[in-house]
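Q: Show me the folded form of this:
(4 chains)
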2 protein chains.
Amino acid sequence: MYSIGTLAKRTKVKVPTIRYYEEIGLLPEPERNTGGQRRYDNATKHRLNFVRHARDLGFSIEHIRSLLSLSERPDMPCAEAHRIAKAHLSDIQSKINALTLLADELVRISNHSEIGVLGECNVLASLADHAHCLTEH
Amino acid sequence: MYSIGTLAKRTKVKVPTIRYYEEIGLLPEPERNTGGQRRYDNATKHRLNFVRHARDLGFSIEHIRSLLSLSERPDMPCAEAHRIAKAHLSDIQSKINALTLLADELVRISNHSEIGVLGECNVLASLADHAHCLTEH
DNA sequence: TATAATTCCTCTAGTTACTAGAGGTTCAAG
DNA sequence: CTTGAACCTCTAGTAACTAGAGGAATTATA
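A: I've put the predicted structure just below:
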């Protein structure tokens, strides 16, 4: 069991952000020591790491709540779990596609080794085209 | 040349968001018709699509400004372009890794076809582990 | 063991990136 | 030529943090 500051260091999530996640119910209310300070275990650290990564990947809090519900409820009926998993899959796959295109273009720029200028650059085109989107827009 | 409403429909970006992007300098100030209304061309549409996708992928506005600078300046020296490209690459590659792990786990859940309950679920573990992170944290 | 520095607490207010609404003007269909 | 939709600017609200004030608890140092 460790303090909020220690948890913050281990997860690279800021202390006020941890308290904020608790407030909105993304993290459970932790135990408190005799002085009233929060004490955390590794289960919370694990959960917080998930939240942090998911946020970095552009998922909304509500999105994350839904993903967490898959982990939270081992008693969840398959049909419900499948519905949630499928609802997220195509979105995630189009994110992977878009990132891959952008990465390819950045690799091309990085490998463009002549001293001089870049010439035409397709970074913008890599994400601007909708041809590779799986979502509805 | 078309209106802001048409641009909004074509890019799925809301009208006030387009005006906001203009205000913060992510989009150029567009031409205006005699009545003072904004008129857009496809170059702006292209740029806006890039911004929208990049935001969906969790990049900050400043991040996007830096990526756009690669496209904006065909006269940029290679060294500078390489620096920017490399600064973004490892971040993007770790995003791809994390998303792939999450997608794999969601596929596993989707294929788990017995009628009943889900049993143990590794959605949380898929993103909680730092083992696959390329970034420093 | 005293005391000083650090970290914690709650609460309020500020920031980023939008998003919605008020009040008024311009456009475009009939 | 009207009238309703779409546009304008400006202000205010929301989501997801982030920082700061004022004070209590903990930990490090003398």
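Q: And the strands in chain A, which stretches?
A: Here chain A has its strands, by DSSP state E, at A:31-32, A:38-39.
Q: Among those strands, show me which one is buried the most.
A: Among those, the stretch with the highest mean neighbour count (mean count of other Cβ atoms under 10 Å in any protein chain shown) is strand A:38-39, at a mean of 18. (Each C-beta comes from the backbone N, C-alpha and C, glycine too.)
Q: which residues sit against that strand?
A: Residues from elsewhere that reach strand A:38-39 (Cβ atoms under 8 Å, 6 or more residues apart in numbering or on different chains): A:1-4, A:30-33.
Q: That strand pairs with which strands, parallel or anti?
A: According to DSSP bridges, strand A:38-39 forms sheet pairs with strand A:31-32 (antiparallel).
Q: The partner strand near DNA strand D at all?
A: No. Counting by Cβ under 7 Å from any atom of the strand, DNA strand D has no neighbours in strand A:31-32; the shortest distance is 8.8 Å.
Q: before we move on, what about stretch A:63-80?
A: No. Stretch A:63-80 lies apart from DNA strand D when judged by Cβ under 7 Å from any atom of the strand; the minimum separation is 7.8 Å.
Q: Only the buried residues of that stretch, if you could.
A: A:63-64, A:67-68, A:70-71, A:76, A:78 (16 or more other Cβ atoms under 10 Å in any protein chain shown).
Q: Spatially central residue for chain A, please.
A: A:A54 (1.1 Å; Cα atoms, centre = their mean).
Q: how close does the closest residue in space to it that isn't next to it in sequence sit to B:L124?
A: Leaving aside its sequence neighbours, A:A54 sits nearest to A:I64 (Cβ to Cβ, 6 or more residues apart in numbering or on different chains; 4.8 Å). Taken as Cβ to Cβ, to the nearest Å, the spacing of A:I64 relative to B:L124 amounts to 11 Å.
Q: what about A:E29, how many neighbours?
A: Neighbours of A:E29 under the rule other Cβ atoms under 10 Å in any protein chain shown: 9.
Q: cool, A:A128 as well?
A: 21.
Q: For A:N42, grab the count of nearby residues.
A: A:N42, neighbours per other Cβ under 10 Å, totals 11.
Q: what do you get for A:F59?
A: 23.
Q: so who does the nearest residue to it once chain neighbours are set aside touch?
A: Excluding the flanking residues, the one nearest A:F59 by Cβ to Cβ, 6+ apart is A:L67, at 7.2 Å. Applying Cβ under 8 Å, 6+ apart, we find A:L67 in contact with A:50, A:54, A:59, A:84, A:88, B:123.
Q: now the strands of chain A as a markdown table including mean pLDDT?
A: Output for the strands of chain A, formatted as a markdown table (pLDDT from 0 to 100):
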| stretch | mean pLDDT |
| --- | --- |
| strand A:31-32 | 96 |
| strand A:38-39 | 98 |
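Q: quick one: which of those is nearest B:A8?
A: With Cβ to Cβ, the closest approach to B:A8 among the strands of chain A belongs to strand A:38-39: 44.5 Å.
Q: Looking at chain A, what residue ends up closest to DNA strand C?
A: Closest approach between chain A and DNA strand C, counting by Cβ to the nearest atom of the strand: A:G5, at 2.2 Å.
Q: Contact partners for that residue?
A: Neighbouring residues of A:G5 by Cβ under 8 Å, 6+ apart: A:V15.
Q: Just give me the neighbour total for A:T100.
A: For A:T100, using other Cβ under 10 Å, the count is 17.
Q: Quickly note the distance from the residue of chain A closest to DNA strand C to A:I84.
A: 34 Å.
Q: From chain B, how far off is the residue of chain A found nearest DNA strand D?
A: Closest residue of chain A to DNA strand D, Cβ to the nearest atom of the strand: A:G35 (2.1 Å). From A:G35 over to chain B the distance is 29 Å, taken as Cβ to the nearest Cβ, to the nearest Å.
Q: just A:D56 next, same as before
A: A:D56 is 5 Å from chain B, where distance means Cβ to the nearest Cβ.
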